[in-house]
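Chemist: Structure for this input, please:
(one chain, ligands or ions: 4)
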Amino acid sequence: FDIDKTNGRIVTNGSLDREKVSVFTLTITAYDGAVIEKRRSTNATVIITLLDVNDNTPYFAEYPAHYIVPENTRIGETAAIIDVRDPDAGENGALNFTMLSCDLCGYFILNSTTGAFITNKSLELENSTTLLPYTNFTFNIHVADRGTPQPRAITGIVILTVIPTNEYAPVFTRTNLSLTLAENTKVGHLVVKVLATDRDIDRHGIVDYYIESGNFRKTFSIAKTNGEIILMQPLDYETYSSYKLVITAQNGQDYKKATKMTVHITVTDIPD
Ligand SMILES: [Ca+2]
Ligand SMILES: [Ca+2]
Ligand SMILES: [Ca+2]
Ligand SMILES: [Ca+2]
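Modeler: Residues are numbered from 1 along each chain as shown. Ligands and ions are numbered 1, 2, ... in the order given. Modelled structure (predicted):
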């Protein structure tokens with residue numbers, strides 16, 4: 001701002017932008033006309049508050065606007081909130097969201113004031129005949145502010161991608177298995193193959209097998225990927241005549257989903 005020295009009129013000197021600085025506090029000093037040593041003065045504070053004008057068009061914070069939606073997002077839950085910004089104040093910055101077009105319509109409802117996509121249909125990949133992992137939902141969205149005299153608006157593409165989640169634990173076809181092995185069984189012999197299935201599709205349905213306990217002297221091994229239990233050490237009825245192997249089937253990157261089963265192995269005596 002500038003001030004006219006003689007009549008005190010404050011004028012603008014440069015452009016104003018309420019979105020950068022909205023309030024100015026000026027201290028104005030008025031002097032009388034006496035010589036410098038004798039002159040007297042007084043101060044006044046002038047506060048200038050800028051009124052908003054609708055000079056900003058809404059914009060996407062990130063574009064393309066792409067959001068990840070886990071398949072276990074429930075009906076009625078928020079799947080994503082479109083991040084559109086408008087720095088203007090009040091109605092000039094308040095937004096209205098409209099869906100102009102959609103593919104696979106009906107899975108989400110767009111809240112017109114918050115820009116939230118609300119899940120409207122189950123996204124469960126295991127139970128769906130239409131949805132595949134990483135299915136993209138593409139929407140054409142119109143966002144307008146409520147500014148006066150003229151609203152400002154933008155249109156853009158919003159993509160929601162449904163990603164698989166690990167909801168199910170593996171399930172063994174049998175939780176208990178008993179079998180006998182002759183003491184002279186050869187090392188390398190396939191003892192048994194255990195099986196667990198997992199309802200999840202995608203990588204969350206891939207099962208890894210481990211022997212959790214009971215594997216005295218590492219007598220047995222299990223193939224991590226297919227559950228084949230192999231004899232690794234010669235058996236000896238006299239030192240160890242039965243084994244209780246606890247087998248774990250698990251999956252998920254962090255192995256959050258796991259199930260156990262037990263394999264009882266009885267060694268039968270062959271006279272040495
Ligand atoms: Ca605006
Ligand atoms: Ca403004
Ligand atoms: Ca699983
Ligand atoms: Ca799943």
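
Chemist: In the stretch 101-250 of the chain, what residue comes closest to ligand 4?
Modeler: Going by C-beta to the ion, ligand 4 is nearest to Asp200 of the stretch 101-250 of the chain, at 3.8 Å. (C-beta placed from N, C-alpha, C; glycine too.)

Chemist: so what's that residue closest to, chain neighbours aside?
Modeler: Nearest residue to Asp200 in three dimensions, chain neighbours excluded: Tyr168, at 5.0 Å (C-beta to C-beta, 6 or more residues apart in numbering).

Chemist: How about Thr113?
Modeler: Using C-beta to C-beta, 6+ apart and skipping the chain neighbours, the partner closest in space to Thr113 is Asn96 (6.8 Å).

Chemist: And Leu123, by the same measure?
Modeler: Nearest in space to Leu123, with sequence neighbours left out and distances taken as C-beta to C-beta, 6+ apart, is Glu71 at 4.7 Å.

Chemist: Next one: that neighbour relative to ligand 3, how far apart?
Modeler: 12 Å (C-beta to the ion, to the nearest Å).

Chemist: wait, doesn't that residue sit right on Thr119?
Modeler: No: Glu71 is beyond contact range of Thr119, at 10.2 Å (criterion: C-beta atoms under 8 Å).

Chemist: Whatever residue of the chain ends up closest to ligand 2: what's it in contact with?
Modeler: The nearest approach of the chain to ligand 2 comes at Asp88, 4.0 Å away (C-beta to the ion). Shown in contact with Asp88 (C-beta atoms under 8 Å, 6 or more residues apart in numbering): 19, 52-56, 145, 147.

Chemist: for Thr148, same thing?
Modeler: With contact taken as C-beta under 8 Å, 6+ apart, Thr148 is in contact with 54, 91-92.

Chemist: same check, this time on Glu212
Modeler: For Glu212, the contacting residues are 246-248, 260, by C-beta under 8 Å, 6+ apart.

Chemist: Surely it is within a strand?
Modeler: Yes: assigned with DSSP: H, G, I helix; E, B strand; the rest coil, Glu212 falls within a strand.

Chemist: Can you report how many residues lie near the residue nearest to Ala223 when sequence neighbours are not counted?
Modeler: Using C-beta to C-beta, 6+ apart and skipping the chain neighbours, the partner closest in space to Ala223 is Tyr209 (6.9 Å). Using other C-beta atoms under 10 Å, Tyr209 has 23 neighbouring residues.

Chemist: just to revisit the earlier point, are any of the contacts of Thr148 buried, and which?
Modeler: Among the contacts of Thr148, those that count as buried by neighbour count (16 or more other C-beta atoms under 10 Å) are 54, 92.

Chemist: Work out for me the element the residue of the stretch 101-250 of the chain closest to ligand 4 sits within.
Modeler: Using DSSP states H and E, Asp200 falls within no helix or strand.

Chemist: for it, what are its contacts?
Modeler: Here Asp200 is in contact with 126, 164-168, 251 (C-beta under 8 Å, 6+ apart).
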